[in-house]
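J.: Next come a sequence and a model predicted from it.
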2 protein chains.
Amino acid sequence: MSDRPAAPDRPGAPTEGAAAGGFGGRLRSAFDRHGQLCVGIDPHSFLLADWGLADSADGAREFGLRVVDAAVGTVGIVKPQVAFFERYGAAGFGALESVLAAARAAGLLVIADAKRGDLGTSVEAYGQAWLTPGSPLEADALTISAYMGVGSIERPMRLAEETGKGLFVLAATSNPEALAVQTATLVVGARAGKSVAASIVEDVGEWNAAQAGRKNATDGTPATGDGESTGTESTGTASTEGVTIGSIGLVLGATVDFGAFGIDLAVGEPATPILAPGFGHQGARFGDLGALYGPSAPFAVVSASRSILRAGPDRIAEAIRAQAGEVFACRA
Amino acid sequence: MSDRPAAPDRPGAPTEGAAAGGFGGRLRSAFDRHGQLCVGIDPHSFLLADWGLADSADGAREFGLRVVDAAVGTVGIVKPQVAFFERYGAAGFGALESVLAAARAAGLLVIADAKRGDLGTSVEAYGQAWLTPGSPLEADALTISAYMGVGSIERPMRLAEETGKGLFVLAATSNPEALAVQTATLVVGARAGKSVAASIVEDVGEWNAAQAGRKNATDGTPATGDGESTGTESTGTASTEGVTIGSIGLVLGATVDFGAFGIDLAVGEPATPILAPGFGHQGARFGDLGALYGPSAPFAVVSASRSILRAGPDRIAEAIRAQAGEVFACRA
């Protein structure tokens, strides 16, 4: 067995990812061209059956490639749910590699929804798996858990900055069972008195601000891992019409009452990007985007999966167009 | 590419896992035969280099198989760190499948240290990936994160009970950056006033007790997924000399001051098994096992990785024997 991924199963559009100035810059570019909708790639067993595909790695690959085809040109961002591929073991990861490669080759920004997390060299290895240019599972960003503290994920945070990639750290999630843990009050450390979720929001905001400061201080020095770097826009951030987006984002579910968590949605410098699940099947409505996320609404990746995917293979392109238009219409 | 794993690369000793009566029973059996040491299988780049192996999926496979060979007959439990395999993408998972299969075929209990976590059907898919008999990545137990609440992982908890598998839920980990999140005080829910870590400890203890109660109530009914079932010992628990061990365990690091977290280490009925990292390289000493874990010490899987693996391929068997003996000597 080769240690390297096979080439994507189909020729893609020209690659544009790495040259566009870090994850924040690519996210800004995707928002500007296509709006904020992100299409989930979730090969549930029941969806594979509905689509007439086998509940197998090959079925999941075909499913993912069809979603990518339907997404290209209409949205800028896709989010494969890794768990559904992992069910098939190595073969499932082979399928995922095909989907990731096809999506990135077509110019889609890919958020691998893997919710990894660990500490030390182990979490560093997860970062390497998903955020290293040329690695078999290369994505543009990865979802990650900081149950062991935001400090525990510093190595992948640093790697993301170096490679022009992104992370979305779980903060306040959309499931009710999360409330007790995520609203718990810190009693030690610099954020004592804040909720767990708010402390993560602040840690990430502070990280992004520090990175921007560091880059401004070294303006003109070429950034690591980006041959096309252009000063302050080179790695984690990019500015368009005065708005800069950081590399490290947050997962903040659309069904969450942020006030109850003590979370401040004010926009920092740079802005912290938000991965916003909870729309469609889980109950939140696109029309509430502004009300839900306030000043941070323009930086939210609006994620929908089941409400799109259940349209089936023949109508998915239409469903994506309709929902992308709805989200676009809600833009501030 | 096939959707099924290849057969293990080498013939193993007779399979004994599934017949022994659920995860708790198999854990008890491993403890009784070989003591409490668990050998980590962590193919770091630097260790692969030290061992004269390539930093590739093939190198990681060979590394893992050699550790398994050295472990068989001396210890009962191994713990592959999934992150180091994931670096190589699908090929890395192919290597991991070989290592998992070889270890299980040789009668070792395998804890997949993957620290997965999600909610709903996604976390259910992670459970299916690692805890379903016959799945390519089948292990005996999986480490899991409950940042989204213990309620968020109920589906894999239920699956573990049904398939005779185990989970270890992150509670209080061995890294200092974890302290603020894990000692935060719950302000809502039934565990208000407890720390995040203590609430997880109590949720898991309550789960195990409820499962034992449910099984006692249906005593004599054959358990799901276990043809060899024998009454109350059939799925999650097993009793040896009056001591019963549950299916759902906790990760409680050996460098943690449990008092500071408000964690009660009293043994419930059944006992909650503990995955105890932090020995060796991270600083805890085997001789302190009893002092660290108190009454729960006999239920701790004492995990060591780097301190064993750095012995190199020619001396690892000797290192495992020496450390297993040390741990055995510390047994209460």
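T.: Yes, it's here.

J.: all strands for chain A, in order.
T.: Taking DSSP state E, the strands of chain A run over residues A:37-41, A:77-80, A:109-116, A:141-144, A:166-172, A:239-240, A:243-244, A:248-252, A:274-276, A:300-304.

J.: Could you tell me the least trusted of the ones you listed?
T.: The weakest mean pLDDT among the strands of chain A belongs to strand A:239-240, with a mean of 43.

J.: Stretch A:284-300 near chain B anywhere?
T.: No: no part of stretch A:284-300 sits near chain B under the criterion CB under 8 Å from any CB of the partner chain; the closest distance found is 15.1 Å. Backbone N, C-alpha and C define where each C-beta goes, glycine included.

J.: in the stretch 151-300 of chain A, which segments are predicted with low confidence?
T.: Along the stretch 151-300 of chain A, the parts satisfying pLDDT under 70 run over A:219-242.

J.: again, 80 this time
T.: A:215-243, A:281 (pLDDT under 80).

J.: So which bits of it are right by chain B?
T.: Contact residues, the stretch 151-300 of chain A versus chain B (CB under 8 Å from any CB): A:151-152, A:154, A:170, A:173, A:175-189, A:191-192, A:195-196, A:199.

J.: Thought residue A:300 was touching residue A:272, still the case?
T.: No: between residue A:272 and residue A:300 there is no contact under CB atoms under 8 Å: 10.4 Å.

J.: Helices of the stretch 151-300 of chain A, residue ranges please.
T.: Along the stretch 151-300 of chain A, counting by DSSP state H, counting those that start in this stretch, helices occupy A:154-163, A:179-182, A:196-217, A:289-293.

J.: How about the last one, which residues are buried there?
T.: Across helix A:289-293, burial judged by 16 or more other CB atoms under 10 Å in any protein chain shown covers A:289, A:292, A:293.

J.: quick one: which of these is nearest to residue A:326?
T.: residue A:289 (9.9 Å; CB to CB).

J.: Contact partners for that closest one?
T.: Neighbouring residues of residue A:289 by CB atoms under 8 Å, 6 or more residues apart in numbering or on different chains: A:36, A:254, A:276, A:297, A:300, A:302, A:327, A:330.

J.: mind running it again at 6 Å?
T.: Contact analysis of residue A:289 by CB atoms under 6 Å, 6 or more residues apart in numbering or on different chains lists A:297, A:330.

J.: What's the separation between it and chain B?
T.: 22 Å (CB to the nearest CB, to the nearest Å).

J.: now do residue A:30
T.: Residue A:30 is 24 Å from chain B, by CB to the nearest CB.

J.: Wait, that residue touches residue A:77, no?
T.: Yes: the pair residue A:30 / residue A:77 is scored as a contact, 5.4 Å apart, by CB atoms under 6 Å.

J.: shared neighbours of the two, which are they?
T.: Contacts common to residue A:30 and residue A:77, judged by CB under 6 Å, 6+ apart, are residue A:109.

J.: you'd agree residue A:144 is up against residue A:166?
T.: No: under the criterion of CB under 6 Å, residue A:144 is not in contact with residue A:166, lying 10.2 Å apart.

J.: okay, now the nearest residue to residue A:321 once chain neighbours are set aside: neighbour count?
T.: Nearest residue to residue A:321, sequence neighbours excluded (CB to CB, 6 or more residues apart in numbering or on different chains): residue A:74, at 5.4 Å. If you count neighbours by other CB atoms under 10 Å in any protein chain shown, residue A:74 ends up with 18.

J.: Need the per-residue pLDDT for residue A:74.
T.: Looking at residue A:74, the pLDDT reads 97.

J.: And residue A:21, by the same measure?
T.: Model confidence at residue A:21 (pLDDT) stands at 65.

J.: quick one: which of residue A:30 and residue A:77 has more around it?
T.: residue A:77 (26 against 22).

J.: Quick check: the more buried one vs chain B, distance?
T.: Remark: distance between residue A:77 and chain B (CB to the nearest CB) = 18 Å.

J.: Who is the residue nearest to that residue when sequence neighbours are not counted paired with across the strands?
T.: Nearest residue to residue A:77 in three dimensions, chain neighbours excluded: residue A:38, at 3.9 Å (CB to CB, 6+ apart). Residue A:38 has these beta-bridge partners by DSSP bridges: residue A:77, residue A:303.
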